[in-house]
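Q: from the sequence below, what's the structure:
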Amino acid sequence: ALAGPRMGSDSTASFALHTVVLDDFKSYAGRAVAEFNDRCIITIVGPNGAGKSCLMEGICFALGLELRGMRVHSLSALVNHAARDGSAGEDADGQATGGACAVACLFRGSCGEAVVVQRRVRNGRQYDYRLQDCSCGTGNASGVETNLPWACSVCPRRTVKRSELRTALQLRLGLDIDSPTHFVVQQSACTAIIQRTPVELLHVLEDFAHTTHLRLKSEAEAVTAARLRGAILALDAELSRALGEKTRHSGALAAAEEVEEHRRRLEGSKLAHLGFELADCARVAAMAATSVQRATDELEASRAAQQQARSRESELTAEEARVEAQAAETEASLRALRVELTACKAEHTRSQLEGKTHAGAAKRRRKAAA
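A: Down below sits the predicted model:
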């Protein structure tokens, strides 16, 4: 059985297995094409020997699974006996080692994309992987596959290593080829699956649907919820105990609340009284500030008056000095005038004496002349 469609890296494209092309693979001689047009659960039925197991092994072979899961021990055993080249020699089991075979798996998306994986065996000893990632949407426009085993003839096909194939399939199809039990159930495992318990079957389905992480997350959330419920129950028990203690001490609590109420009132009264005292202190401080300002103004006025008096005193001193200097100058002028007056008087006296002398002399000359 194969897992159903998976989401690729593009959330708009859901890929599902659409076609399997087997070329000379095991019991399929030539080319055999198996188409799966239903995107739901695919069931492969048929009588024994119809090729059901070979078809599943071909799909596993194309997706890179190991040979031990395909009931063979060598690559040459995968080649149909009609396509083997007997001239190439035989292996240790007596089987021819020549020939070639190939298996291709075509996955189509819901939006026209396609991914083709092909694994080829060459010369019965070597194999390679080829990958085509088709996004043109032209390969199946008519609803009929015309380019098998490839999706189209336009998009390139490249040879890749198994590690590159694993990365590409994990990104595009969500398939991890290193964990084949997540998307392939071999026929040999059906009996073991049937014998599992319902819970184990649920785990198998979760592995197919890749929802195991959701279950683990749900279980972790359930553990967290249980832990939270336990914490809530513990808190409820603690709350019930606290309520019982409160009921038992209700009288003391009422008295304590009454004391607390009185204390709050006392604190309010203290705050009011303190407010009144602060207001009175503020008023006294304002009055003191006014008095200090008035005294300061008076002191400044007194200092200004004193300064003015000192200036006036300096002016009076200067005026007194000027007057004294003027008096000294006047006194000196007066002394000079006195000296000059004395000289004038002496000159006047001399002049009078000279006049009298000249007058006497003239009088004597007149007398003499007479």
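Q: so which residues of the stretch 1-150 of the chain form strands?
A: For the stretch 1-150 of the chain, the strands identified by DSSP state E, counting those that start in this stretch occupy 6-7, 14-23, 31-35, 101-108, 114-122, 126-134, in order along the chain.
Q: avg pLDDT for the longest helix along the chain?
A: As assigned by DSSP state H, the longest helix anywhere in the chain is helix 250-369. Average pLDDT, helix 250-369: 90.
Q: could you shift the numbering so residue one becomes 35, and keep it that way?
A: Happy to do that; since the first residue is 35 now, the last one works out to helix 284-403.
Q: helices or strands up against it?
A: Under the contact definition 3 or more C-beta pairs under 8 Å, 6 or more residues apart in numbering; DSSP states H and E, helix 284-403 sits against no other helix or strand. Glycine gets a C-beta too; all of them are placed from N, C-alpha and C.
Q: any chance of the strands of the stretch 35-184 of the chain in CSV, plus mean neighbour count and distance to Asn82?
A: Formatted as CSV, the entries for the strands of the stretch 35-184 of the chain read as follows, by neighbours: other C-beta atoms under 10 Å; distance: least, C-beta to C-beta, whole Å:
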stretch, mean neighbour count, distance to Asn82
strand 40-41, 17, 31
strand 48-57, 22, 19
strand 65-69, 15, 18
strand 135-142, 26, 22
strand 148-156, 23, 26
strand 160-168, 18, 29
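Q: excluding chain neighbours, what is closest to Arg191?
A: Once flanking residues are discounted, Arg191 sits nearest to Gln166: 4.5 Å by C-beta to C-beta, 6 or more residues apart in numbering.
Q: that neighbour bridge partners, please.
A: With DSSP bridges applied, Gln166 shows beta-bridge pairing to Val150, Arg191.
Q: looks like it contacts Glu147 (just checking).
A: No - using C-beta atoms under 8 Å as the test, Gln166 is too far from Glu147 to be in contact (11.1 Å).
Q: roughly how far apart are Met90 and Thr201?
A: As defined by C-beta to C-beta, to the nearest Å, Met90 lies at a distance of 24 Å from Thr201.
Q: again with His237
A: Taking C-beta to C-beta as the criterion, His237 is separated from Thr201 by 27 Å.
Q: ditto for Val155
A: With distances defined as C-beta to C-beta, the gap from Val155 to Thr201 amounts to 23 Å.
Q: what does Ser385 give?
A: When distances are taken as C-beta to C-beta, Ser385 and Thr201 turn out to be 158 Å apart.
Q: same deal with Ala148?
A: Following C-beta to C-beta, the distance that separates Ala148 from Thr201 is 18 Å.
Q: which stretches of the stretch 135-284 of the chain form helices?
A: Listed in chain order, the helices found in the stretch 135-284 of the chain under DSSP state H, counting those that start in this stretch are 196-206, 224-228, 232-243, 246-282, 284-403.
Q: pick the most buried one from those.
A: The highest average neighbour count among the helices of the stretch 135-284 of the chain, using mean count of other C-beta atoms under 10 Å, belongs to helix 196-206 at a mean of 16.
Q: compare the helices of the stretch 135-284 of the chain and give me the one nearest Gly143.
A: Each of those has some distance to Gly143 by C-beta to C-beta; the shortest is helix 196-206, at 8.8 Å.
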